[in-house]
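Trainee: how would this look folded up:
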Amino acid sequence: MSTTRFLTGITTTGTPHLGNFVGSIRPSVAASLTPDVQSFYFLADYHALIKCEDPARIQRSTLEIAASWLAAGLNPEKVTFYRQSDIPEIPELTWLLTCVTGKGVLNRAHAYKASVDKNTAAGREQDDGVTAGLFMYPVLMGADILMFKAHKVPVGRDQIQHIEMARDMAASFNHLYGEHFVLPEAAIDDHVATLPGLDGRKMSKSYDNTIPLFSSRDQLKKLIGGILTDSRAPGEPKDTEGSALFQIYQAFATPEETEALRKAYADGIAWGDAKNTLFERVDQVIAPMRAQYEELIHNPARIEQTLLAGAERARALATPFIRELRAAVGLRSLAQTTAAAKPAKAAKAALPSFKQYREADGKFYFKLVDADGRLLLQSTGFDAPKEAGQAIARLQKEPGAQQALAPHLSPVDGVADADVAAALQALAEAAAAAA
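Mentor: All right, here's what the predicted structure looks like:
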């Protein structure tokens, strides 16, 4: 069975809280144990520089977040766990990708557009306060993903655009220099848990309503005691719907324990008793990890060695790959002959190729062009890039797929079915020869 590569970036600003644990750390650690999956987890400290100019905070957050993930069970022997800034090949790849990425693509990045909209609404020049780092960070993110040929990148729906942009960069580079990059796919979990904070809103550092993941036992009790509740007295039935206490408890308890608390709500449990029940349950989960966290946080050299060991494993892949990419774009020794490269390039140029892209209507399309760029085959729109990719794969591998996929293909004037069939046959033969 083939191995699938998953890659997860971890922001290194702020102190992890219970919401981070439930929504990201816990499911990611569990996913890292999946058979036939090769997992990469990196601390995105280059990204942190875009929004934080406090060096001490950058360093402290990196330490706290690394310690948090390790204490929560991430096993650096089973995954590649590294610090982004320890991989010099990543900024080099960022530049290579910058040279094939259109400015118009970056103009559409959500974070940049949000800054422009904010400035426009305030009557300021649209790029006021916008650094080149903010504008270019989608390319850095693309380099993070493409460097390790990740197949899947777990993201929320608000992050899908970054994966699409990474795919566009990879496709542009591949088109110019040959097939080097894997086109990644977003792995979206629509059931990602979110926790309410102390005030009932989503737990977020932006709202200053968080419960730090590794609060001391006394601090945890105090913070849970401050969770907002209504004025219903002991003995009065209470609603679980909309109750921050109940929602947090549910994220840490078994189904049986959750049902017991639901019954206690109906029976009129006092808010103080409910908060104490929540405190004890959360502390039961966190206490063993807290002890490990404290041990790690007071031994930063151990974390440093873990990250450097992870970087060594990551660079074992990155170093030869960036060497391959440098050669592909022409950054080669002047003593190296180019004669051997010319036939390979010519052979590649003789083949037709598929181009996959997204239009303004939000749908995904592909086309088949011959070696001279003449359009042979054009698809209709697909709702997801995966569907378009699957159709391309069928056309390349399955005899008769052109007829089966006819509803998804638009006729091209002046192109006969025999021309398309010949192009697909040429691709199939080339793939067989390379296998």
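
Trainee: from here on, contacts and neighbour counts on C-alpha atoms
Mentor: Fine.

Trainee: quick one: pLDDT of the closest residue to Gly226 other than its chain neighbours?
Mentor: Distance criterion CA to CA, 6 or more residues apart in numbering; nearest residue to Gly226, sequence neighbours excluded, is Leu198 at 6.6 Å. On pLDDT, Leu198 comes in at 94.

Trainee: give me the neighbour count for Pro320.
Mentor: For Pro320, the count of nearby residues is 12 (other CA atoms under 10 Å).

Trainee: how about the helices in the stretch 251-400 of the chain?
Mentor: Using DSSP state H, counting those that start in this stretch, the helices of the stretch 251-400 of the chain run over 255-266, 271-297, 300-329, 341-349, 385-397.

Trainee: least trustworthy helix or strand in the protein by mean pLDDT?
Mentor: helix 341-349 (a mean of 44; mean pLDDT, DSSP states H and E).

Trainee: doesn't Val412 fall inside a strand?
Mentor: No. According to DSSP: H, G, I helix; E, B strand; the rest coil, Val412 belongs to no strand; its state is coil.

Trainee: low-confidence ranges, this structure, go.
Mentor: Applying pLDDT under 70 to the chain picks out residues 1-2, 190-192, 336-350, 360, 372-373, 433-435.

Trainee: what sits up against the host helix or strand of Tyr41?
Mentor: For Tyr41, the element it lies in under DSSP states H and E is strand 37-44. Strand 37-44 is contacted from outside by 3-12, 32, 62, 66, 79-85, using CA atoms under 8 Å, 6 or more residues apart in numbering.

Trainee: and what about the residue lying farthest from the centre of the chain, helix, strand or coil?
Mentor: Residue farthest from the centre of the chain, counting by CA atoms, centre = their mean, is Gly235 at 47.0 Å. Secondary structure for Gly235, judged by three-state DSSP, is coil.

Trainee: among the helices of the stretch 251-400 of the chain, which comes closest to Asn119?
Mentor: With distances scored as CA to CA, the stretch of these nearest to Asn119 is helix 385-397 (33.1 Å).

Trainee: helices or strands next to the helix or strand following that closest one in the packing?
Mentor: From helix 385-397 onward toward the C-terminus, using DSSP H and E, the following helix or strand is helix 401-404. On a contact count with 3 or more CA pairs under 8 Å, 6 or more residues apart in numbering; DSSP states H and E, helix 401-404 meets helix 385-397.

Trainee: for this structure, which segments count as strands?
Mentor: Here the chain has its strands, by DSSP state E, at 4-11, 37-44, 80-83, 152-155, 185-188, 353-358, 364-369, 375-379, 409-410.

Trainee: any idea which of those is most buried?
Mentor: Among the strands of the chain, strand 80-83 has the highest mean neighbour count (mean count of other CA atoms under 10 Å), at a mean of 25.

Trainee: and that one, which strands flank it?
Mentor: Counting by DSSP bridges, the strands paired with strand 80-83 are strand 37-44 (parallel).

Trainee: can you show me the CA trace of the partner strand as CSV?
Mentor: The C-alpha trace of strand 37-44 is given here as CSV (Å, rounded to 0.1, in the frame of the first residue of the first chain):
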residue,chain,number,x,y,z
VAL,A,37,0.6,7.9,6.6
GLN,A,38,3.8,9.9,6.7
SER,A,39,3.3,13.0,8.8
PHE,A,40,5.2,16.3,8.8
TYR,A,41,4.5,18.8,11.6
PHE,A,42,6.4,22.1,11.6
LEU,A,43,6.6,25.2,13.7
ALA,A,44,5.9,28.1,11.4
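
Trainee: when you give positions from now on, start the count at 151
Mentor: OK, 151 is where the count begins now, so the last one is strand 187-194.

Trainee: got the angle for that strand vs strand 154-161?
Mentor: Computed with axes from the mean of the first three to the mean of the last three CA atoms, to 10 degrees, the direction of strand 187-194 lies at 20 degrees from that of strand 154-161.

Trainee: now strand 187-194, how far from the centre of its chain.
Mentor: From the chain centre to the centre of strand 187-194 is a distance of 10 Å (CA atoms, centre = their mean, to the nearest Å).

Trainee: and stretch 529-547, by the same measure?
Mentor: The answer for stretch 529-547 is 23 Å, by CA atoms, centre = their mean.

Trainee: surely Asn359 touches Leu348?
Mentor: Yes. Counting by CA atoms under 8 Å, Asn359 touches Leu348, with 5.1 Å between them.

Trainee: look at those two and report which has more neighbours.
Mentor: Leu348 (23 against 19).

Trainee: list the contacts for that one?
Mentor: Leu348 makes contact with 359-361, 373-374, 376-378, 394 under the criterion CA under 8 Å, 6+ apart.

Trainee: which of these are buried?
Mentor: Using 16 or more other CA atoms under 10 Å as the burial test, the contacts of Leu348 include 359-361, 373-374, 377, 394 as buried.

Trainee: filter those residues down to the ones in helices?
Mentor: Within those, residues falling in helices by DSSP state H are 373-374, 394.

Trainee: Leu446: which of those residues is nearest?
Mentor: Closest approach to Leu446 among those (CA to CA): Leu373, at 23.9 Å.

Trainee: and that closest one, how far is that from Arg382?
Mentor: 20 Å (CA to CA, to the nearest Å).

Trainee: also Pro226?
Mentor: Pro226 sits 48 Å away from Arg382, going by CA to CA.

Trainee: look at these two and report which has more neighbours.
Mentor: Set Pro226 next to Arg382 and count neighbours by other CA under 10 Å: Pro226 wins out with 16 against 13.

Trainee: count the neighbours of the closest residue to Thr248 other than its chain neighbours for me.
Mentor: Leaving aside its chain neighbours, Thr248 sits nearest to Val289 (6.4 Å; criterion: CA to CA, 6+ apart). Applying other CA under 10 Å, we find 24 other residues in the vicinity of Val289.
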